[in-house]
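Chemist: Predicted model, plus sequence, below.
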Amino acid sequence: MKHLISPLDLSVEELDHILSLGQEIMKNPEKYSHICEGKKLATLFYEPSTRTRLSFEAAMLNLGGKVLGFSSADSSSAAKGESVADTIRVISSYADICAMRHPKEGAPTVAAMYSEIPVINAGDGGHNHPTQTLTDLITIKSLMGRLDNITVGMCGDLKFGRTVHSLINAMVRYPRVRFVLVSPNELKIPDYLRKEVLDAERIDYIETNQLEKYMPDLDILYMTRVQRERFFNEEDYIRLKDSFILDASKMQYAKKNMYVLHPLPRVNEISTEVDNDPRAVYFKQAKMGVYVRMALIMNLLELD
Ligand code: CP
């Protein structure tokens, strides 16, 4: 049985297959509308979510399946002290596949150890968010026609941003991908990513706190929110939260064919005046998340 806990659980070939299937579904969704009839997806969300939970639910409904689940730890028996291991043992007899979001890093890994159904990590603490990565990759591939030979700027909270960690892990496997990592000093990428991934794989990258200077070099600008829920004190959050705000004046430095992505939710880091710029694709990106999650569900249920 396959699970998706980290983007590295998928080989590049499997990743490319899921992205291609997602693109095929996007073109012809009707063809796939009955493929999961009789199947159930459980969404086990111990942490808030709008896009991930609802796009998973939309994905399963679009495939003709059904959904069940909970949207907060408080409305589940976790509030009474039930462990993730016990919960997944029970859910395994209620559903065919599950997506789990949890504030603790590693919780979906524990779930996978006890599960009799495929477990999808829908975000674990500041660690990984592999289905956001699938969403990011299908967006880039659909817009640019490739995933290699790209300069990707990542800006904001690179320390706690799990979407950043997962996307770096996935993109280093494609040739000639360069990174410009823009953050305040306190919110740089974790050491393990720098040493064990970027340095180990000899990836071309720079770390900087100057967004405007590097804007003209970028093919993709991946903006991220400063992750308030991961800070130990509110003072640090307030000091750092508006370090980088993308607005129309900064967009003037960008290429005409650069794209701005953001996993969302946005707080203040992209001014709403950018929303009407044709290079702003974050709402299109959220929509593509449904198609690629449809492809992933089919893949893990071996229906592709
Ligand atoms: N991108 C993302 O994970 O959004 P949600 O927190 O709304 O699921």
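Modeler: Cool, got the structure.
Chemist: how close does residue 267 get to the ligand?
Modeler: Residue 267 sits 12 Å away from the ligand, going by CB to the nearest ligand atom, to the nearest Å. Bear in mind the C-beta positions are built from the backbone N, C-alpha and C, glycine included.
Chemist: Equivalent analysis for residue 200, please.
Modeler: 27 Å.
Chemist: now do residue 231
Modeler: 17 Å.
Chemist: Next: residue 117.
Modeler: Counting by CB to the nearest ligand atom - residue 117 and the ligand are separated by 21 Å.
Chemist: what do you get for residue 16?
Modeler: From residue 16 to the ligand the distance is 22 Å (CB to the nearest ligand atom).
Chemist: now that residue, what's its secondary structure?
Modeler: helix (DSSP: H, G, I helix; E, B strand; the rest coil).
Chemist: okay, now the residue of the stretch 201-304 of the chain at minimum distance from the ligand: neighbour count?
Modeler: Closest to the ligand within the stretch 201-304 of the chain is residue 263: 3.8 Å, counting by CB to the nearest ligand atom. Neighbours of residue 263 under the rule other CB atoms under 10 Å: 27.
Chemist: quick one: residue 299 and residue 18 touch, right?
Modeler: Yes: in this structure, residue 299 is within contact of residue 18 by CB atoms under 8 Å, at 5.5 Å.
Chemist: Look at these two and report which has more neighbours.
Modeler: A count of neighbours by other CB under 10 Å puts residue 18 above the other of residue 299 and residue 18, at 24 against 19.
Chemist: What strand or helix carries the closest residue to that one other than its chain neighbours?
Modeler: Spatial nearest neighbour of residue 18, chain neighbours left out: residue 295 (4.8 Å); criterion: CB to CB, 6 or more residues apart in numbering. According to DSSP states H and E, residue 295 maps onto helix 282-300.
Chemist: Buried residues in that helix, which are they?
Modeler: Going by neighbour count (16 or more other CB atoms under 10 Å), the buried part of helix 282-300 is 282, 285-286, 288-300.
Chemist: same question, stretch 13-32
Modeler: For stretch 13-32, by 16+ other CB under 10 Å, it's 15, 18-19, 21-23, 25-26, 32.
Chemist: Would you mind measuring the gap between the ends of stretch 191-204?
Modeler: Using CA to CA, to the nearest Å, one end of stretch 191-204 lies 16 Å from the other.
Chemist: what do you get for stretch 105-123?
Modeler: End-to-end distance (CA to CA), stretch 105-123: 9 Å.
Chemist: Sitting in helices, which of the buried residues of stretch 13-32 do you find?
Modeler: If you go by DSSP state H, the buried residues of stretch 13-32 have 15, 18-19, 21-23, 25-26 in helices.
Chemist: Could you list the low-pLDDT ranges of the stretch 201-304 of the chain?
Modeler: In the predicted model of the stretch 201-304 of the chain, no residue satisfies pLDDT under 70.
Chemist: just the helices in it please.
Modeler: Ranges of helices in the stretch 201-304 of the chain, per DSSP state H, counting those that start in this stretch, are 211-214, 234-240, 248-251, 282-300.
Chemist: Any chance of a markdown table for those helices, columns distance to residue 87?
Modeler: Listed next are these as a markdown table, based on distance: least, CB to CB, whole Å:
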| stretch | distance to residue 87 |
| --- | --- |
| helix 211-214 | 42 |
| helix 234-240 | 31 |
| helix 248-251 | 45 |
| helix 282-300 | 19 |
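Chemist: and the ones you listed as a markdown table, adding distance to the ligand?
Modeler: A markdown table is the format used below for the helices of the stretch 201-304 of the chain (distance: least, CB to the nearest ligand atom, whole Å):
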| stretch | distance to the ligand |
| --- | --- |
| helix 211-214 | 21 |
| helix 234-240 | 17 |
| helix 248-251 | 22 |
| helix 282-300 | 7 |
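Chemist: Please list all residues in contact with the residue of the stretch 101-250 of the chain found nearest the ligand.
Modeler: Using CB to the nearest ligand atom, the single residue of the stretch 101-250 of the chain nearest to the ligand is residue 132, 5.2 Å away. Shown in contact with residue 132 (CB atoms under 8 Å, 6 or more residues apart in numbering): 52, 123, 162-163, 166-167, 263, 289.
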